[in-house]
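J.: Turn this into a structure:
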Amino acid sequence: MVSNLQPGQYTIPTGMRTLIMGIVNATPDSFSQDGCWIKGAGRVDAVVKKVLQQVRDGADIIDIGGESSRPGSLRLSEKEEIERVIPAITRAVKKVSVPVSVDTYKLKVAQMALDAGAVIVNNIQGVRLSKNLLRMISRYQASIVLMHMRGTPRTMQKKIAYNGDVMAEIIRELGKSVQECLDAGLTREQIIVDPGIGFGKTVENNCEIIARLSELKTLQCPILIGTSRKSFIGQILGQDEGNRLNGTIASVAASIINGANIVRVHDVKENKEAAMIIDKILRA
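T.: Prediction:
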């Protein structure tokens, strides 16, 4: 069944083919070693340059974030996050025709990003929602990504434990968040769910989530997954962040086969080509 994602003025079919969300880290300290925030003049130019390259490579959505969420990272001040992402979003939306997402959980940052032209809020704290944030997103007719995470980036990889069935817990907790969004006036066409690969999960948890991803369809929202360059790939292959492309493509392929509608990746061109082949095979 083909359904539509409706962020702002866009209507995007989510059942025709896999959508590619390109990751643009406006940070100096990204775990993936691709942060494009540099010192001095030209830092916004560096972010926009990367946005334009990802669109040329085939990105359907661009996701710009200013706060690193790598394991152990600390919360960034609101002022610093605004400085990193708002000028870049303001410039980027004028240069591309694809939807722009802001990767933030802070209300003021999200509102300024939506004012600047973003149409999606990618919220890594999607199981701990602010009602004010939801009402604001509803007013803007924007979309939200609800990601599952235990704790915070600083604590999420400590004392990882699930009471039995990891996927059942993810579905239950995301389901509550989906209902909160509906209660705030959003529709299912504005809500995207993400199981949060690597966010408070073990290697085994991550692999199980990918294998059982289709179970998230019970929430009746588009499914996004982000496996790109994640540490579970490194632990399986014994590779550092710069050498995880093959592992990423394999995990993306498995995710698409098991029901992912949107894949969030660093290497857009390579994953786009893989997704095109998988989509063609699945729809043959």
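
J.: what about the helices in this protein?
T.: 43-56, 78-92, 107-116, 131-139, 166-183, 203-211, 231-237, 245-257, 268-282 (DSSP state H).

J.: Report the mean per-residue pLDDT for the third one.
T.: With pLDDT averaged residue by residue, helix 107-116 scores 97.

J.: Now do it and helix 78-92, the angle between them.
T.: Per axes from the mean of the first three to the mean of the last three C-alpha atoms, to 10 degrees, the angle that helix 107-116 makes with helix 78-92 is 10 degrees.

J.: same question, the longest one
T.: Regarding helix 166-183 and helix 78-92, their directions subtend 80 degrees when assessed with the same axes, to 10 degrees.

J.: The first one too?
T.: Taking the same axes, to 10 degrees, one finds that helix 43-56 is oriented at 50 degrees with respect to helix 78-92.

J.: Identify each buried residue in helix 43-56, please.
T.: 43-44, 46-48, 50-51, 54-55 (16 or more other C-beta atoms under 10 Å). In this view, the C-beta of every residue, glycine as well, is placed from N, C-alpha and C.

J.: Check the second one too.
T.: Neighbour counts using 16+ other C-beta under 10 Å place 81-92 of helix 78-92 among the buried residues.

J.: In TSV: the helices of the chain, plus distance to Q220.
T.: Supplementary listing: the helices of the chain in TSV, determined by distance: least, C-beta to C-beta, whole Å:
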stretch	distance to Q220
helix 43-56	29
helix 78-92	30
helix 107-116	24
helix 131-139	18
helix 166-183	8
helix 203-211	19
helix 231-237	28
helix 245-257	19
helix 268-282	20
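
J.: Among the buried residues of helix 43-56, which one sits closest to I171?
T.: Among these, Q54 lies closest to I171 (C-beta to C-beta), at 30.9 Å.

J.: Identify the residues contacting the closest residue to A211 other than its chain neighbours.
T.: In space, and not counting its chain neighbours, A211 is closest to N258: 6.6 Å by C-beta to C-beta, 6 or more residues apart in numbering. Contacts for N258 (C-beta atoms under 8 Å, 6 or more residues apart in numbering) come out as 210-214.

J.: could you redo the last one with a cut-off of 7 Å?
T.: When contacts are counted by C-beta atoms under 7 Å, 6 or more residues apart in numbering, N258 touches 210-211, 213-214.

J.: can you pick the most crowded of those residues?
T.: Per-residue neighbour counts (other C-beta atoms under 10 Å) across the contacts of N258 peak at I210, which has 23 neighbours.

J.: Pretty sure that residue sits against S255.
T.: Yes - assessed by C-beta atoms under 7 Å, I210 is found in contact with S255 at 5.5 Å.

J.: what sits in contact with each of the two?
T.: Going by C-beta under 7 Å, 6+ apart, no residue sits against I210 while also sitting against S255.

J.: Relative to the lengthiest strand in the chain, what are the paired strands and their orientations?
T.: Determined from DSSP state E, the single longest strand within the chain is strand 19-25. Applying DSSP bridges to the sheet, strand 19-25 is found paired with strand 61-65 (parallel), strand 262-265 (parallel).

J.: Would you format these as JSON lines with mean pLDDT and mean neighbour count included?
T.: Formatted as JSON lines, the strands paired with strand 19-25 follow (pLDDT from 0 to 100; neighbours: other C-beta atoms under 10 Å):
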{"stretch": "strand 61-65", "mean pLDDT": "96", "mean neighbour count": "26"}
{"stretch": "strand 262-265", "mean pLDDT": "98", "mean neighbour count": "26"}
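
J.: need those in JSON lines with distance to Q6, can you?
T.: Shown next, in JSON lines, are the strands paired with strand 19-25 (distance: least, C-beta to C-beta, whole Å):
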{"stretch": "strand 61-65", "distance to Q6": "13"}
{"stretch": "strand 262-265", "distance to Q6": "14"}
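
J.: Among those, which comes closest to K272?
T.: strand 262-265 (8.4 Å).

J.: Tell me which residues are up against that closest one.
T.: 18-23, 63, 192, 222, 224-226, 228, 248, 252, 255-256, 271, 275.

J.: Among the residues you listed, name the buried ones.
T.: 18-23, 63, 192, 222, 224-226, 228, 248, 252, 255-256, 271, 275.

J.: re the thing from before, got a markdown table for the buried residues of helix 43-56, with distance to A168 and pLDDT too?
T.: Shown next, in a markdown table, are the buried residues of helix 43-56 (distance: C-beta to C-beta, whole Å; pLDDT from 0 to 100):
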| residue | distance to A168 | pLDDT |
| --- | --- | --- |
| R43 | 44 | 81 |
| V44 | 44 | 88 |
| A46 | 43 | 87 |
| V47 | 39 | 90 |
| V48 | 42 | 93 |
| K50 | 38 | 93 |
| V51 | 38 | 95 |
| Q54 | 35 | 97 |
| V55 | 38 | 98 |
